[in-house]
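Colleague: Predicted structure and sequence below. I'll ask about it afterward.
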Amino acid sequence: MIGILGGTFDPIHFGHLRPALEVQQHLGLERVHFVPCHVPPHRASPGTSGEDRLAMVERAVAGVEGFVADRRELDRTGPSYTVDTLLTFRRELGDDVPLVLIMGMDAFAGLSSWHRWETLFELAHVAVSHRPGSPASQDLGDGPGGAVTDDPAVLRASPAGRVYFQPVTQLDISATAIRAQLREGASPRFLLPGAVERYIQERGLYRSAAGNPTT
Ligand code: ATP
């Protein structure tokens, strides 16, 4: 079973990494692919290049068993639709391997606005990382193909089509807040891996609003 976590990763931080690890461990995922998007469909393009965002992901996952930095969306033109990304996984891995698309509750809440969202459930399961104890929204879980299960064995038994809610340690970290701190000259230490912090310093990323047209 393979996990996929897409995002802008501008920059990647522990709020991405820790929930991904907890989902990986609970579901027994062989790998988790971190896929930085090229052109996000739902928001302004990141101020940081795809190559820099990928380089930060590479540094964040270096030496972490089963974590993979995946550049597949950076080489595609046009909006980075998740459905297209899942199709590339299917072409590589075939129809039978269970795929698990991992996302936070915020992303899941907006899922019905995603391009061809019903098709996502034909291609993958969805694992939603959420706050322990919070009521897991089941609105979409009962939608097309998206029947909710709380049993990892059910995910393993089929390639796609289930929704799984995973309580994870809450880390109130956002890339937006990290970028704002860096612009003010504050340290992002302990919000993201040291290797990512060093890359940001070496490349002079997020230093001023002028260098980052989007916040
Ligand atoms: P930004 O602040 O620029 O919007 P972000 O920190 O929210 O960025 P994204 O790259 O947009 O990060 O998020 C990618 C995925 O990671 C989404 O599915 C989102 O729900 C999840 N995510 C982001 N931050 C956290 C966090 N602190 N805890 C759990 N999940 C998170």
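Modeller: Structure received.
Colleague: Check which helices and strands the host helix or strand of residue 51 sits against.
Modeller: Using DSSP states H and E, residue 51 sits in helix 50-61. Judged by 3 or more CB pairs under 8 Å, 6 or more residues apart in numbering; DSSP states H and E, helix 50-61 is in contact with strand 31-36, strand 67-69, helix 194-203. Glycine gets a C-beta too; all of them are placed from N, C-alpha and C.
Colleague: Need the contact partners of the longest helix seen in the chain.
Modeller: Looking across the chain with DSSP state H, the single longest helix is helix 14-27. Contacting residues not belonging to helix 14-27 are listed as 1, 3, 5, 7, 9, 29, 32, 34, 60-61, 64, 66-67, 100, 102, 104, 127, 129, 152, 155, 164, 166, 168-169, 171-174, 191-193 [CB atoms under 8 Å, 6 or more residues apart in numbering].
Colleague: The ligand next: which of those residues are close?
Modeller: Among those, the residues within reach of the ligand (CB under 6 Å from any ligand atom) are 7, 9, 104, 129, 171, 173, 174.
Colleague: Number of residues surrounding the fifth one?
Modeller: Here the neighbour count serves as a burial measure; for residue 171 (other CB atoms under 10 Å) it reads 14.
Colleague: What distance do you get for it to residue 65?
Modeller: 21 Å (CB to CB, to the nearest Å).
Colleague: Just the buried positions in the lowest-mean-pLDDT helix or strand in the chain, please.
Modeller: When the helices and strands of the chain are compared on mean pLDDT, DSSP states H and E, helix 105-109 comes out lowest with a mean of 87. Within helix 105-109, the residues scored as buried using 16 or more other CB atoms under 10 Å are 107, 108.
Colleague: and residue 28, how many neighbours?
Modeller: The burial count for residue 28: 11, using other CB under 10 Å.
Colleague: Is it correct that it is in contact with residue 152?
Modeller: Yes. Between residue 28 and residue 152 there is a contact at 6.6 Å, judged by CB atoms under 8 Å.
Colleague: Find the nearest non-adjacent residue to residue 1, please.
Modeller: residue 98 (4.4 Å; CB to CB, 6 or more residues apart in numbering).
Colleague: ok, now residue 41?
Modeller: That would be residue 79: by CB to CB, 6+ apart, it lies 4.2 Å from residue 41.
Colleague: Can you get me a residue count around the one you found?
Modeller: Neighbours of residue 79 (other CB under 10 Å): 14.
Colleague: Next one: it from residue 38, what distance?
Modeller: 8 Å.
Colleague: Tell me the gap between the helix or strand just after the least confident helix or strand of the chain and the middle of its chain.
Modeller: Later in the chain than helix 105-109, the nearest helix or strand by DSSP H and E is helix 117-123. Offset of helix 117-123 from its chain centre (CA atoms, centre = their mean, to the nearest Å): 17 Å.
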